[in-house]
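Peer 1: Here is my input, please return the structure:
(one chain, ligands or ions: 1)
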Amino acid sequence: MRNPKIGVVSLGCPKNATDTEVMLGLLNEAGFEITFDNDEAEMCLVNTCSFIGDARKESVATLIELADQGKELIIAGCMAQHFKQELMDEIPEARALVGTGDTRKIVDVIKAIAQDSALRVVEVSDIPNDYNDEVLPRMQTGVGASAYLKIAEGCDHSCSFCIIPQLRGKFRSRSIESLVKEARILVAGGVKEIILVSQDSSYYGLDIYQRMALPDLLRALHEIPDLDWIRIMYCYPTETNRALLETIAELPKVVKYVDIPLQHSHPDVLAAMARPKHPEKVMDLIREVIPDVKIRSTFIVGFPGETEEHVEHLMAFIEKYRFDRLGVFTYSKQTEVPSGHMSNQLPEKVKKARRSKIMKMQHRIASELNQAMVGRVIPVLLEAYDESKGLYIGRSQWDAPGIDNQVFVRENQEGNPDDFPAAEMAEINWVLVEEAHPYDLFGVAVKAPVKDREAVLQEA
Ligand code: SF4
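Peer 2: Purely as a prediction, here's the structure:
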């Protein structure tokens, strides 16, 4: 049988990234040669994203570029789920499509097309039901010290702008046993930080345990020796309750970081979005229950019918709650969801202007918040080294990979080496913050946690 060398491109969110790693793990186990240099590849597995217009454009551009290079394409993920007919019709280089609930069929798909050069295969379940578990092998593609753990698939909400439930199906939790088993395998391989991902992590367990069981999962993961950080991504406002927040506050390994996409603040816009209407309640609760917490959120501007008054409401909300990390997106019209049929769509120019006004405000808030970090000693997971600058690059417990701040760390050349140890890659190091930029911090590796800058300088 022909054994093609397989390249890979993973687009979209961390949930997609874990699917990619599982498919690569399966292919590797089946004896296929995998390359991370697509120039060398005969076939390319492209795990696509179809969340909004820009994500689709990026997916299509990637497919066309690889097709132009003469690669045979296996298209997986949300676009395969969403546009199977269009992709097969428009892209002759597409040898196979693999849906979001069909990832474990990847080996059979590639074996089939490798054997018969005329064959094109479509494995896209109409209702995606399958999900990954720890029995499936996984090839890590990210930085070794940090790994995503997909705790559930799908979503039971019906936000009026979102296509995800159509593409990923109903919410399906994995069991606590399965997740702890996979986490133990990851930690045994050197992982220090586990990042829990799903479309709606605070909903975890409701389908299989008839209760919101994220606190139980956190406690079970917390028992794993050598695991340093547990991070939760994507909490939903009305499910982020006191029990969950108290568990985050209580368990030292769970980072004091809450990622809670709120999407807007004005009750009328939130009603049109079919989202919970009073985000101030959950914001107050988070700040009350978790000391020294940092909060990440995302907002959508330019939703159909959004007025200047609604935008002012949102800006006042952001000013009041001073989000530590914030993403603002312009609304992207999609005809497959209810908001795509609302009559009062706004021009792109208006949406963009609203976004840039808010981002300008957030730039100031982020600068002020980061400035307040100067002088603190904080734990930082080091993930890379920039030779040209002579600096390590890492993240604090308040920063998720790829979307939040970075911390640039220098090794102290002058001090006593016992006081200023060499920075250790892929480990959590203690760093004295010396300088702050709006979205990044700069500091020096120090020996041990101390309360404040004066104490560090006295030790030196
Ligand atoms: S909760 Fe998130 S994934 Fe679910 S429908 Fe709303 S925006 Fe989409």
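
Peer 1: Now do the contacts for whatever residue of the stretch 301-450 of the chain ends up closest to the ligand.
Peer 2: As assessed by CB to the nearest ligand atom, the ligand sits closest to Val337 within the stretch 301-450 of the chain, at 9.1 Å. For glycine as for every other residue, the C-beta is placed from the backbone atoms N, C-alpha and C. Applying CB atoms under 8 Å, 6 or more residues apart in numbering to Val337 gives the contacts 160-163, 166.

Peer 1: if you set the cut-off to 7 Å instead, what comes out?
Peer 2: Val337 is in contact with 160-163, counting by CB atoms under 7 Å, 6 or more residues apart in numbering.

Peer 1: Taking those residues together, which two end up most distant?
Peer 2: Farthest apart among those by CB to CB are Ser160 and Ile163. That separation is 10.7 Å.

Peer 1: Dump the C-alpha coordinates for the helix or strand encompassing Ile194 into CSV.
Peer 2: According to DSSP states H and E, Ile194 maps onto strand 193-197. Output of strand 193-197 as CSV, limited to C-alpha atoms (Å, rounded to 0.1, in the frame of the first residue of the first chain):
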residue,chain,number,x,y,z
GLU,A,193,-0.4,22.9,32.9
ILE,A,194,-3.6,21.3,31.9
ILE,A,195,-6.1,23.6,30.2
LEU,A,196,-9.7,22.5,30.3
VAL,A,197,-11.5,23.3,27.1
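
Peer 1: So in that sheet, which strands flank it, and in what orientation?
Peer 2: Taking DSSP bridges as the criterion, strand 193-197 forms sheet pairs with strand 146-150 (parallel), strand 229-232 (parallel).

Peer 1: what's the closest of these to Asn28?
Peer 2: Here strand 146-150 is closest among the strands paired with strand 193-197 (CB to CB), at 16.4 Å.

Peer 1: do that closest one and the ligand meet?
Peer 2: No: figure legend: strand 146-150 not in contact with the ligand (CB under 6 Å from any ligand atom); closest approach 13.6 Å.

Peer 1: what's the offset of that strand from the middle of its chain?
Peer 2: The chain centre lies 9 Å from the centre of strand 146-150; the measure is CA atoms, centre = their mean, to the nearest Å.

Peer 1: related to what we said a few turns ago, any idea which of the strands paired with strand 193-197 has the lowest pLDDT on average?
Peer 2: Sorting these by mean pLDDT places strand 146-150 lowest, at a mean of 92.

Peer 1: where do the helices sit along the stretch 1-150 of the chain?
Peer 2: Listed in chain order, the helices of the stretch 1-150 of the chain (DSSP state H, counting those that start in this stretch) span 14-29, 53-68, 78-82, 84-90, 106-115.

Peer 1: Run a quick neighbour tally on Ser158.
Peer 2: By the criterion of other CB atoms under 10 Å, Ser158 has 12 neighbours.

Peer 1: Now stretch 100-109: buried residues?
Peer 2: 100-107, 109 (16 or more other CB atoms under 10 Å).

Peer 1: any weak-confidence spans in the stretch 1-150 of the chain?
Peer 2: For the stretch 1-150 of the chain, residues meeting the criterion pLDDT under 70 lie at 1, 129-135, 142-144.

Peer 1: Return the nearest residue of it with respect to the ligand.
Peer 2: Distances between the stretch 1-150 of the chain and the ligand by CB to the nearest ligand atom are smallest at Phe51, namely 8.7 Å.

Peer 1: what sits against that residue?
Peer 2: The contact partners of Phe51, by CB under 7 Å, 6+ apart, come to 12, 78.

Peer 1: And Tyr321, by the same measure?
Peer 2: Met283.

Peer 1: tell me the pLDDT at it?
Peer 2: 97.

Peer 1: quick revisit: pull the most distant pair out of the buried residues of stretch 100-109.
Peer 2: Applying CB to CB across these, the maximum distance is between Thr100 and Val107, 17.1 Å.

Peer 1: near the ligand, which residues of the chain?
Peer 2: Residues of the chain lying near the ligand (CB under 6 Å from any ligand atom): 155, 157-159, 162, 164-165, 199-200, 236.

Peer 1: from memory Arg275 sits against Gln263, does it?
Peer 2: Yes: using CB atoms under 7 Å, Arg275 makes contact with Gln263 at a distance of 5.5 Å.

Peer 1: can you give me the strands for the stretch 251-400 of the chain?
Peer 2: Secondary structure of the stretch 251-400 of the chain, counting by DSSP state E, counting those that start in this stretch: strands at 257-259, 294-301, 325-330, 377-386, 391-396.

Peer 1: Flag every buried residue along the longest one.
Peer 2: Using 16+ other CB under 10 Å as the test for burial, strand 377-386 gives 377-383.
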